[in-house]
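Peer 1: A predicted structure for the sequence below; I have some questions about it.
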Amino acid sequence: MYSRTYKTLVSLPPLLWVGLFLLLPYALMFAHSFWAVHDGALVHQWNLHNYVTLFSKPVYVEVLLRTMRIAASVTLCSLLLGYPLAYYLSFRAGARKELLYQLVIVPLWVSYLVRGYAWKTILGSEGVLNGFLQYLHLTHAPVAFLLYSPFAVVLMLTHIYTPFVFLPIYAALEHIPRPLVEASHDLGAGSAQTFLRVILPLSIPGLLAGATFAFALSLGDFLAPLLVGGASGTMIANVVQSLFGAAYDWPLGAAISVCILIITISLLFLSERLEKRWSFK
Amino acid sequence: MSFAAANPQQQLSPELEALLELRGVAKCFGAREVLKNISLNIASGEFLTLLGESGSGKTTVLRLVAGFEQPSAGEIWMSGQRLDTLPPYKRRVNTVFQHYALFPHLSVRENVAYGLRVQKTSATEIGGRVDEALRMVKMQEFAASRPSKLSGGQQQRVALARALVNRPLLLLLDEPLSALDANLRKQMQGELKALQRELGITFLFVTHDQEEAMALSDRIALLRDGALEQVASPREIYEHPATAYTAQFIGQTNLLRGEILDGTARCGALQWPADGPSGAAIFSLRPEAIRLASDATAPPGTARFRATLQQQFFSGASELLEVHCDGGQLLRVRISARGPLSGEHDFIFSIADAIRVQE
Amino acid sequence: MSGHAPTRRAPLLAIYSAFVFIFIYLPVVVLILYSFNRDGVGGFPPRHLTFDWYRQLFADAPIWGAVVNSLTVAAGSVALSLTLGLLAALALDRATFPGKALFRRLVLLPLILPGIITGLSLLMFAVFAGAQLSLLSVFLGHGTALISVATTELFAGLQKMDRAQEEASLDLGATPWQTFWLVTLPNLKLSLIAAGLLIFTLSMDEIAVTFFLIGRDNTLPLEIWGRLRRGITPEINAVSTLIFAVSVALIVICYRVRTRGLGAEAQELLERL
């Protein structure tokens, strides 16, 4: 139905743009990861040095592992918060479902920076939380680990990504035909059984989508550590950032970025595979 | 004058101009051959129905004529000019879509005016023609409404008006009544037929409902697996089906398989004198052609057989009997309603009603 | 999905859900509250409520300069992303060409890839091309990264559209060009608005990609970021509260436009647009 001219006209501009502004830059980054820096200048000397450094130097390995741990924690916590919320809204909230849904969405529109900053003011030693605890005489001195720690990073990122995890899970739960739940009850299963045997399995694609999103984006986050992470909460993206800044080693930074890219893409593929296995149409 | 009145025979007689000609049209989707070598002429002013099961290719024929697909082979001509090389918006052909495809963001009036607007017709002329079209389908009072506010039947009328207002040479209708409920369907069938008669526009109608096809058409083109099985008037196709498939698809029938030997047809326990070369043969015998034998003698020109009643289905004016013949065949017999029957009975049928068909 | 399972009260779950809500909203509430606190951020409870920080904010020229910059970039990004995103969605929906699968993945990649990667790649590209970093580079970065948002939304809109309408338009004599403007675009109106709003918001809030592409002129997030490095002042609370208020206002408008909240005539007007 669509002529060749039509199809060419719609395909060419985005193809060219994406090729120039996405493919080429990513390719450049990939190329940079194989180059080196000598005496403060970039040298186009093809080698695998950067990757070797990344995986052998303890400082990098440690940060990488810490980052994965943080990302995993964020994903887990977001799921633990987001899933029950989605379940409650979808199955138990009744008439208020629509309103509550909008209320969950609202924070998504609030600036990331704003929310991170808010946590900073809450968790600080002079912050609101400490003030509150002392006001209630639960503590007598500021609790240190609240801010400038991996804990703070996990807390902030969980706060950011819980709504993101909520969305696909809610959508998946809403798609479950209610007659299935009724049939399960009819056959003798209680709420908990119905959840484990019917609702949870059918919601897995949404769960995977949300988890992938939270993990991938937490993995590459560099702002949260800068805001609330302190020295002990540095993540791999901060390392990259400094390599592109003061520490000036673009090739090494590129290599780390490529690794993050590969991890993200692998995660995507894995998630897609699993989603297909768990989607029953 | 309608096509049917001008042409009592079923085939397209040479004096009648063919408006549309399909010459050896074939269509493949990848490796799948959806249409195989279709050659068909449609006369000006005719109501022709493409009839077939889903997957028979009837909608594909329509889309080829409309211009949404290109033939893989063959040509389509209209009024003596090549049609298949033209894009859809240059053809004097309009379509009524199965699910109406009304523009939701336009009012009924704007929908109907759409074709005239894009052809840059003058505003005054548009106004007059749109009003006329809406009057034709009895939707004048809904002119300002949105399609979403209309019922299925009403949307269907608007779709019809939208197509007709452009005064096409040929109107294509893709199962337009299939989404309507039974009563509304019957009513719309009547209105469509009357409209076609009045306007004299050539209709190419697609349906899978053989009753609908028989009620509306001047001629029926029966499609089977992408090929034309038979093209004839409804009466002709019903009374003289060419193949077993046609006999079974149109109306109900009993297919009697047997052979002709030395001037006698033998199918199981049934036999009657028949012309034709000896060999295997299939006969189509309609249920209503069989009657209960009222006395012991078989009048000339009839055949007689005995069968046991298996099941009886009452349907108001008639009964449908399933009977088991001595030869083992199960036949269907339709007789006028007369109360429950049982046991063995004698049946007769006119030999002329046993039509020989091809496989 | 039809039918209604009776919603049985689940008190524990309700309480847990309430906690999650509190967790989600707490920082924002604290933020707003303390923007009125005379003694600045921190401590508890906040005393001496005042509008001082807001007064200081309104006199703060660099912030408003940054706001203008952000608005400009956001507006430009909406235009760029929507145009390219629409074309990409049409291409994915209707055309087949070698490398289509790769193209689809590439277009959607920036959605899930951490911003730092896209930002750094574009930085390398800018250096490679010998370009200066400025609001223009920021604009190009946002526009490119946000094509994915537009494509996703518009592709979904295309799939929902009744294909027969375009065929009907062609059938009635409109050329493909006319059909696009008279039928396809009106059907995509809601998707275009939704995508536009989302792109605008994301661009206004964008930091990760912007971080590496910024020149001398700051966008709002980066202006705030710079101040954060220097020290916390409640003025930042004030501007954050304002950002929050605007965001909420936008959502409410968006929501009301979508539902029957708007009068019937206004809705007709919107559909006519």
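Peer 2: That came in fine, so what should we check first?
Peer 1: mind checking if the helix or strand bottoming out on mean pLDDT in chain A is in reach of chain C?
Peer 2: Ranking every helix and strand in chain A by mean pLDDT, DSSP states H and E puts helix A:128-135 at the bottom, with a mean of 77. Yes: Helix A:128-135 reaches chain C (C-beta under 8 Å from any C-beta of the partner chain) through A:128, A:131-132, A:134-135. Backbone N, C-alpha and C define where each C-beta goes, glycine included.
Peer 1: which of the residues you listed are buried?
Peer 2: Neighbour counting with 16 or more other C-beta atoms under 10 Å in any protein chain shown marks A:128, A:131-132, A:134 as buried within these.
Peer 1: just give me the closest of those residues to chain B.
Peer 2: Nearest to chain B among these, counting by C-beta to the nearest C-beta, is A:Val128 at 51.0 Å.
Peer 1: related to what we said a few turns ago, nearest to chain C among the residues of helix A:128-135 next to chain C?
Peer 2: Using C-beta to the nearest C-beta, the residues of helix A:128-135 next to chain C come closest to chain C at A:Gly131, 3.1 Å.
Peer 1: average pLDDT across stretch C:188-205?
Peer 2: Averaged over stretch C:188-205, pLDDT sits at 89.
Peer 1: repeat for stretch B:318-333
Peer 2: 90.
Peer 1: now do it: distance to the chain's middle.
Peer 2: Once both centres are worked out by C-alpha atoms, centre = their mean, to the nearest Å, stretch B:318-333 turns out to sit 28 Å from its chain's centre.
Peer 1: ok, residues contacting that stretch?
Peer 2: With C-beta atoms under 8 Å, 6 or more residues apart in numbering or on different chains as the test, stretch B:318-333 has contacts from B:252, B:254, B:256, B:267-270, B:285, B:287-288, B:290-291, B:305-313, B:334-338, B:341, B:345, B:347.
Peer 1: pull the CA coordinates from it and hand them back as PDB.
Peer 2: This file holds the C-alpha atoms of stretch B:318-333, laid out as PDB (Å, rounded to 0.1, in the frame of the first residue of the first chain):
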ATOM      1  CA  SER B 318     -40.800 -27.600   7.200                       C
ATOM      2  CA  GLU B 319     -39.100 -30.700   8.600                       C
ATOM      3  CA  LEU B 320     -35.600 -31.900   7.900                       C
ATOM      4  CA  LEU B 321     -35.400 -35.600   8.000                       C
ATOM      5  CA  GLU B 322     -32.200 -37.600   8.300                       C
ATOM      6  CA  VAL B 323     -32.900 -41.000   6.800                       C
ATOM      7  CA  HIS B 324     -30.800 -44.100   6.500                       C
ATOM      8  CA  CYS B 325     -31.100 -45.900   3.100                       C
ATOM      9  CA  ASP B 326     -30.900 -49.600   2.600                       C
ATOM     10  CA  GLY B 327     -27.600 -49.100   0.800                       C
ATOM     11  CA  GLY B 328     -26.200 -47.500   3.900                       C
ATOM     12  CA  GLN B 329     -26.300 -43.900   2.800                       C
ATOM     13  CA  LEU B 330     -27.500 -41.100   5.100                       C
ATOM     14  CA  LEU B 331     -29.700 -38.700   3.200                       C
ATOM     15  CA  ARG B 332     -31.400 -35.400   4.100                       C
ATOM     16  CA  VAL B 333     -35.000 -34.900   3.100                       C
END
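Peer 1: if we can go back for a sec, okay if I get the buried ones among the residues of helix A:128-135 next to chain C as JSON lines plus distance to C:Pro62?
Peer 2: Output for these, formatted as JSON lines (distance: C-beta to C-beta, whole Å):
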{"residue": "A:Val128", "distance to C:Pro62": "27"}
{"residue": "A:Gly131", "distance to C:Pro62": "31"}
{"residue": "A:Phe132", "distance to C:Pro62": "33"}
{"residue": "A:Gln134", "distance to C:Pro62": "36"}
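Peer 1: if we check chain B, which of the residues you listed are in contact?
Peer 2: Applying C-beta under 8 Å from any C-beta to those, none is adjacent to chain B.
Peer 1: show me which pair in those is furthest apart.
Peer 2: A:Val128 and A:Gln134 (10.8 Å; C-beta to C-beta).
Peer 1: wait, isn't B:Phe305 in contact with B:His345?
Peer 2: No: if you go by C-beta atoms under 8 Å, B:Phe305 and B:His345 don't touch, sitting 9.8 Å apart.
Peer 1: which one's more surrounded, the two?
Peer 2: B:Phe305 (24 against 16; other C-beta atoms under 10 Å in any protein chain shown).
Peer 1: can you classify that one as helix, strand or coil?
Peer 2: Counting by DSSP: H, G, I helix; E, B strand; the rest coil, the backbone at B:Phe305 sits in strand.
Peer 1: for it, give the beta-bridge partners.
Peer 2: Beta-bridge pairing for B:Phe305 (DSSP bridges): B:Phe347.
Peer 1: for it, which residues are in contact?
Peer 2: With C-beta under 8 Å, 6+ apart, B:Phe305 has these contacts: B:269-270, B:325-326, B:346-348.
Peer 1: neighbour-wise, which of those residues leads?
Peer 2: B:Leu270 (24 neighbours).
Peer 1: for the stretch 151-300 of chain B, which spans come out with low pLDDT?
Peer 2: Applying pLDDT under 70 to the stretch 151-300 of chain B flags residues B:295-296.
Peer 1: from B:Phe205, how far out is B:Leu177?
Peer 2: Distance check for B:Leu177 against B:Phe205: by C-beta to C-beta, to the nearest Å, it reads 9 Å.
Peer 1: comparing the two, which residue is more hemmed in?
Peer 2: B:Phe205 (26 against 23).
Peer 1: mind pulling up the pLDDT for the residue in chain C that chain A sits nearest to?
Peer 2: For chain C and chain A, the shortest gap (C-beta to the nearest C-beta) falls at C:Pro114, measuring 2.1 Å. On pLDDT, C:Pro114 comes in at 92.
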